[in-house]
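Q: requesting a structural model of the entry that follows:
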Amino acid sequence: MSMFDPCHPGELVWHECLEPLEIGIAEAAEHLQVEESELAAICECRAPISADMAVRFEMAFGSTADFWLRLQNAYDLAQARKAGCKISKIERAA
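A: Numbering: from 1, shown residues only. As a prediction, this is how the structure comes out:
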């Protein structure tokens with residue numbers, strides 16, 4: 001069975017939002033009114049997109065907060081399923 005393996009949504013923030021606008025992390029963080037380190041952690045795939053950050057992306061980039069949260073949820077679920085492959089089989093409850 002092949003496993004769906006979505007990219008971390010931070011990659012999309014970087015490649016689809018910041019790069020086309022030709023702005024860096026510092027400038028984007030200032031515009032979003034967040035700490036530079038917080039945005040950097042997302043773009044470097046080290047932190048998830050929170051609901052608050054999703055709303056900020058919605059306001060700044062014209063996307064929807066729902067879109068960003070669905071991406072984050074898909075990524076989190078794929079990571080959890082990968083981790084689940086490493087544990088013993090859990091049988092279906094009767």
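Q: the top helix by length along the chain: which residues count as buried?
A: As assigned by DSSP state H, the longest helix anywhere in the chain is helix 65-84. Residues 65, 68-69, 71-72, 75, 78 are the ones in helix 65-84 that count as buried (16 or more other CB atoms under 10 Å). From N, CA and C alone the C-beta is placed, and that goes for glycine too.
Q: got a markdown table for those residues, with pLDDT and distance to residue 24 too?
A: Below are those laid out as a markdown table (pLDDT from 0 to 100; distance: CB to CB, whole Å):
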| residue | pLDDT | distance to residue 24 |
| --- | --- | --- |
| 65 | 98 | 23 |
| 68 | 98 | 20 |
| 69 | 98 | 25 |
| 71 | 97 | 22 |
| 72 | 98 | 22 |
| 75 | 96 | 23 |
| 78 | 92 | 29 |
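Q: quick one: which of these is nearest residue 39?
A: Within the buried residues of helix 65-84, distances to residue 39 taken as CB to CB reach their minimum at residue 68, with 13.0 Å.
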